[in-house]
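1. Any chance you could fold what I've pasted below:
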Amino acid sequence: MALLIKKEDESGLSSYYNNKTTIIQEARVFNESPISPRKCRALLTRVVYLLYVGETFGTQEATELFFGTTKLFQHKDSALRQMVYLAIKELATTAEDVIMVTSSIMKDMQPNSEVIYRSNAIRALCRIIDPSMAQGIERFFKAAIVDRNPSISSAALVSSYHLFPDAKDVVKRWSNEAQEAVSGKSAGSFFGGNSGGGYLGGWGSQAQAQSGYQAIPSTSYITQYHALGLLYLIRQQDRMAVTKMIQQLGGGKSGSGTTLKNPMALCMLIRYAAKVMEEDPNVQRQMLELLEGWLRHKSDMVNLEAARVICEMKNVSPAQLTRAIAVLQLFLSSPKSTLKFAATRTLASLALTHPASVASCNIELENLISDPNRSVATYAITTLLKTGNEASVDRLMKQITGFMSEISDEFKVIIVDAIRSLCLKFPAKHASMLGFLSGVLRDEGGYDFKRAVVEAIFDMIKFISDAKEQALSHLCEFIEDCEFTKLSVRILHLLGMEGPKSSQPAKYIRYIYNRVVLENATVRSAAVASLAKFGVDAQDSALQKRISVLLNRCLDDVDDEVRDRAAMYLKVVKEPELANVYVKEESIPSLAALESKLVVYVNEPEAAEQPFDFASIPRVSRAQAVSEAARPSTLDTMSAPTTKKSATPPPTAAETQSAYAQQLTEVPEFASFGPVLYSSSKPTPLTESETEYQVSCVKHFFKDHIVFQLNVSNTLADSVLEQVAVVMQPSTDSGLTEDFIIQLESLSPSSSGVIYVSFTRDRPEEYATASFQCVLKFVSKECDPSTGEPEEEGYPDEYELEELELAASDYIVPTYATFSSEWDRLRGGASATETFALSGMESLKAACDSIIEILNMEPLGGSEVPTSSSVHTLQLSGLLPVGGGRVLVRSRMTYSRGQGVTLELGVQPCGGGHWRLEAWRDPFPCSVDT
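-> Numbers count the residues shown, from 1 in each chain. Presented below is the predicted three-dimensional model:
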């Protein structure tokens, strides 16, 4: 087929033959008398082909073709009639007035029609009818689902799938018929005659009489697969019903009692079991018994699916993995490449978390290294790298080198990432692995492959000190002939960070300056920045002078970015104070937060009257900035396909802030408040997740106001809520006065909405704290089940919500700072110190976690992890967007068994703002002021 299309393309016939205009013109063959079945079939084939390759017909064109096609309904040619149904089904989504052909389609569903037409007619009917007509064809569909002919039954089941989104209530009534189809019990044919047949259906009794054809009973049981899918679709919102269905169809512990004979149906049942286990861990034991029974099924497909689900279970123990790994181990010796590939990929994923359990398969995996299928060999050696011991590293490295040139970049990346983790596991073997990485770095390859190798070498430099000098030399050689600008820039940055700390920093200068001479402007700019770091950090004054000479030469560069950097860094090298700010500073502004604040500043006309407040931007360490920008390791993401949809990454805190700011600017009542200064990063739930009304709160802070955003969800499917509001009553002497409530006029079933409650801060210079009693008030109206419209009369109701706290930590944004220098600089200024006895804390680690959570501040210098079990100092930093300034906290604590943790909390504010330490006292659990 591909060859035929290629030949047509070469001769220029295909573009004419499959031209939409030509096809529409040739549609007159539908009106010829007598009709030519061959010409009509050919034209319909071209129409369907165009639709399948993405061509679109206009509404008028599709309507003309649709009704031209319907003229062929009366023709006796069976192949033409089947093609007519296929074309009708595809054109129905675009054409108009398609419902007019319903009666013609229904004629082919009558008992005196041939079986070969009936399944096609059912599939076309579900695309033609309006959802409101589903109830009128319910009797027919119920009978078709349990028909003895598998083609009719499957067509009815698949059509029910398509009808379900628009006619849920009607399709849900077909649950008993779907259950009967799953169990394999055949009913008498609704269509008359003995309509048995194979997977594609048989021929009707009339056709059998004419042709002498004898129908062969179906052996595929494909109807069970379709029926199980429909049954799950009907019951998916009822977890107990799904669990019961799995247990009934599972066949008990051995799996032999199951009524399912189709392997694909069993695989689908296994995936449903996996989803149930993920949602409800309490049924894991029962589901695991069923999965272990399916490991002994006669179908390889079922065995593999059951083994994969067991290997991907959460918190699975080595004992539970034993049988699944034994099955996968047998597949490793299978002559079928597909089984070997699936088994090795599952074991490669499992080896990330349970390398000891997978180690029992090492002998079989080593035999697969020489497998002619290089995909299998790649996964085998990747798994061995994760499960092997230190003694086997050199042997594996030699075997890998042999076939690296024979595999694609995708699999090369997988192997490089496996070596990346292996070198951290066995640092003593870094020499052989670094030699391998430097070798493949010189080979041909794409950007993703080269980036994986460079990042592996970066990790060796970071975590293995003995490998640093040699790894830097390999990277210097690589940038001499690197075709990827991004990699060159990253390597030059690393050389600027690590090169000055080496024993002979001068040897890297030549490689860096070569980039200034030979590369493009982007790389030249990075090389100038790298040279400047050597000059700033140089202990040798002679080296510093040489760096200045090289930077002076860069002043003549043709690119303005390179010239500007050279001029700035020349000044920085000569003045140490500037170097501390522009080169040696360990923190940088959060770029996402900076962008968000600048957008708000530019869009607010009143904001232009004041200079931009750069101090209000939270700062992050350089390591944090790099980790946020870095891609996830392939080693972390590589796994076998799962039943879950790939989750999109959650938005960052800055993206969330920007979204909230945009949302608030669209509310006219807040226009006079000025720009929003800060929004809480995580919504606070005010109800349980299982309740019928779900409410969460986000706090928005303005200069003189606090706005509470209440996200309300109505989970009821048969009730409309109107005049929805949340009444918030603050505690006495809170310093807050309610302004107004923006309520929801209507909240439809199974939908969400937003309510705003605004308060004025009576004393903006202070940080008000309060507790709020919250009540959800609304008018409830029932919906008519048939029309979905709410009743005219409703009744007022209210729903008690959980208490909401406005704490001091709500005013703080975690931010990075150089603690020791900042703390010393602020010494002697305003400060506060208090002591607390945290008798309920069982360890210093628990105390650190609790303090970080309560104060909502950034732990610095790794102090969040205590190095001693008895004495520790936790260092924290935060930014105050409301009121300005930063705050540093030093938490010195001791722990003794029986008395818990004794905490001395010291606070030093910086940059203004009135601060009261008493606001933090109450949140500490089990605290006593000493």
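
2. Any figure for the gap between V171 and C126?
-> Using C-beta to C-beta, to the nearest Å, we find V171 at a distance of 11 Å from C126. C-beta: built from backbone N, CA, C; applies to glycine.

3. Residues that sit against both of these two, list them.
-> Contact criterion C-beta atoms under 8 Å, 6 or more residues apart in numbering; residues shared by V171 and C126: 160, 163.

4. pLDDT at the nearest residue to S719 once chain neighbours are set aside, what is it?
-> With sequence-adjacent residues excluded and distances taken as C-beta to C-beta, 6 or more residues apart in numbering, S719 is closest to S780, at 5.6 Å. S780 is assigned a pLDDT of 90 by the prediction.

5. what's the offset of the helix or strand harbouring S780 from the middle of its chain?
-> Assigned by DSSP states H and E, S780 belongs to strand 770-782. The chain centre lies 34 Å from the centre of strand 770-782; the measure is C-alpha atoms, centre = their mean, to the nearest Å.

6. What strands line up against that strand, and which way round?
-> strand 719-730 (antiparallel), strand 795-800 (antiparallel), strand 804-806 (antiparallel) (DSSP bridges).

7. What mean pLDDT does the last one get?
-> Confidence over strand 804-806, taken as the mean pLDDT, stands at 89.

8. which other residues reach that strand?
-> Residues lying outside strand 804-806 but in contact with it, judged by C-beta under 8 Å, 6+ apart, are 684, 686, 697, 699, 706, 708, 728, 730, 734, 736, 768-772, 774.

9. Next secondary structure after that strand?
-> Using DSSP H and E, the helix or strand that follows strand 804-806 towards the C-terminus is strand 813-814.

10. Quick one: list the elements packing against that following strand.
-> Applying 3 or more C-beta pairs under 8 Å, 6 or more residues apart in numbering; DSSP states H and E, we find strand 813-814 packed against strand 871-879.

11. picking that back up, my guess is the residue nearest to S719 meets L721, correct?
-> Yes: contact between S780 and L721 holds when scored by C-beta atoms under 8 Å: they sit 6.0 Å apart.

12. Which one of the two is surrounded by more residues?
-> Set side by side, S780 and L721 give different neighbour counts by other C-beta atoms under 10 Å, the larger being at L721 (27 against 18).

13. what is the more buried one paired to in the beta sheet?
-> Here L721 sits in beta bridges with L747, S780, as judged by DSSP bridges.

14. what's near enough to touch it?
-> Residues near L721 by C-beta under 8 Å, 6+ apart: 693, 714, 744, 746-747, 778-781.

15. and what of T59?
-> If a contact means C-beta under 8 Å, 6+ apart, then T59 has 94-96 as its contacts.

16. Just to be sure, S891 is in a strand?
-> Yes: the assignment for S891 by DSSP: H, G, I helix; E, B strand; the rest coil puts it in a strand.

17. could you turn stretch 737-745 into PDB, dropping everything but the C-alphas?
-> What follows is stretch 737-745, C-alpha atoms only, in PDB (Å, rounded to 0.1, in the frame of the first residue of the first chain):
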ATOM      1  CA  THR A 737     -13.200  45.100  59.500                       C
ATOM      2  CA  GLU A 738     -15.300  43.400  56.800                       C
ATOM      3  CA  ASP A 739     -15.800  45.400  53.600                       C
ATOM      4  CA  PHE A 740     -18.100  43.200  51.400                       C
ATOM      5  CA  ILE A 741     -18.900  39.800  50.100                       C
ATOM      6  CA  ILE A 742     -18.900  38.900  46.400                       C
ATOM      7  CA  GLN A 743     -21.300  36.000  46.300                       C
ATOM      8  CA  LEU A 744     -22.100  33.400  43.600                       C
ATOM      9  CA  GLU A 745     -25.500  33.900  42.100                       C
END
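
18. Touching it from outside, list them.
-> The set of residues external to stretch 737-745 that reach it, using C-beta under 8 Å, 6+ apart, is 667, 669, 705, 712, 721-728, 730, 753-760, 762.

19. With stretch 673-688 instead?
-> Counting by C-beta under 8 Å, 6+ apart, 600-601, 604, 606-607, 616, 653, 656-657, 660-661, 664, 693-705, 707, 710-711, 774, 801-802, 804, 810-811, 813, 881-882 sit against stretch 673-688.

20. In strands only, show me the residues you listed.
-> 693-701, 705, 707, 710-711, 774, 804, 813 (DSSP state E).

21. ok, so of the residues you listed, who is nearest L555?
-> The shortest distance between L555 and any of the ones in strands among the contacts of stretch 673-688, using C-beta to C-beta, involves V813 and amounts to 40.6 Å.

22. picking that back up, from the contacts of strand 804-806, list the buried ones, please.
-> With neighbours counted using 16 or more other C-beta atoms under 10 Å, these contain these buried positions: 686, 697, 699, 706, 708, 728, 730, 734, 736, 768-770, 772, 774.

23. could you point out which element follows the helix or strand harbouring N580?
-> Secondary structure here is read from DSSP H and E; on that basis N580 sits in helix 576-582. Of the helices and strands lying after helix 576-582 in sequence (DSSP H and E), the nearest is strand 587-589.

24. list the helices and strands that next one packs on?
-> Judged by 3+ C-beta pairs under 8 Å, 6+ apart, the packing partners of strand 587-589 are strand 619-621, helix 622-629.

25. let's see it at 10 Å
-> helix 591-603, strand 619-621, helix 622-629 (3 or more C-beta pairs under 10 Å, 6 or more residues apart in numbering; DSSP states H and E).

26. Between the ones you listed, which has the poorest mean confidence score?
-> By mean pLDDT, the lowest-scoring of the helices and strands packed on strand 587-589 turns out to be helix 622-629, with a mean of 62.

27. Run a quick neighbour tally on P372.
-> For P372, the tally of surrounding residues (other C-beta under 10 Å) stands at 7.

28. In which helix or strand does it reside?
-> Mapping P372 onto the secondary structure by DSSP H and E places it in no helix or strand at all.

29. Backbone torsions only: list them for it.
-> Backbone geometry at P372, expressed as degrees, to the nearest 10, gives phi -60, psi -30.

30. right, and it touches P335 too?
-> No: between P372 and P335 there is no contact, the gap being 11.9 Å when judged by C-beta atoms under 10 Å.

31. shouldn't L876 be in contact with L860?
-> Yes: if you go by C-beta under 10 Å, L876 and L860 touch, sitting 6.8 Å apart.

32. So the two - more neighbours on which side?
-> The residue with more neighbours, out of L876 and L860 and counting by other C-beta under 10 Å, is L876; that gives 26 against 23.

33. residues contacting that one?
-> By C-beta atoms under 10 Å, 6 or more residues apart in numbering, the residues touching L876 are 812, 814, 817, 819, 848, 851-852, 855-860, 863-864, 887-891, 905, 907.

34. D394 now?
-> Neighbouring residues of D394 by C-beta under 10 Å, 6+ apart: 429, 431-433.

35. repeat for P881
-> Taking C-beta under 10 Å, 6+ apart, one finds 593, 597, 613, 615-618, 657, 676-679, 701, 811-813, 815 in contact with P881.

36. repeat that for 6 Å
-> Residues in contact with P881 (C-beta atoms under 6 Å, 6 or more residues apart in numbering) are 616, 677-678, 813.

37. Show me how the chain divides into domains.
-> 653-806, 811-920 (the TED database).

38. Save the ones you listed as a markdown table, and put in distance to T102 too.
-> As requested, those are exported to a markdown table (distance: least, C-beta to C-beta, whole Å):
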| stretch | distance to T102 |
| --- | --- |
| domain 653-806 | 22 |
| domain 811-920 | 62 |
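
39. count of neighbours near T353?
-> Under the neighbour criterion other C-beta under 10 Å, T353 is assigned a count of 13.

40. Does the residue nearest to S719 touch E791 like I think?
-> No: in this structure S780 lies outside contact range of E791 using C-beta atoms under 6 Å: 9.8 Å.

41. and for these two, which residues touch both?
-> Residues touching both S780 and E791 (C-beta under 6 Å, 6+ apart): none.
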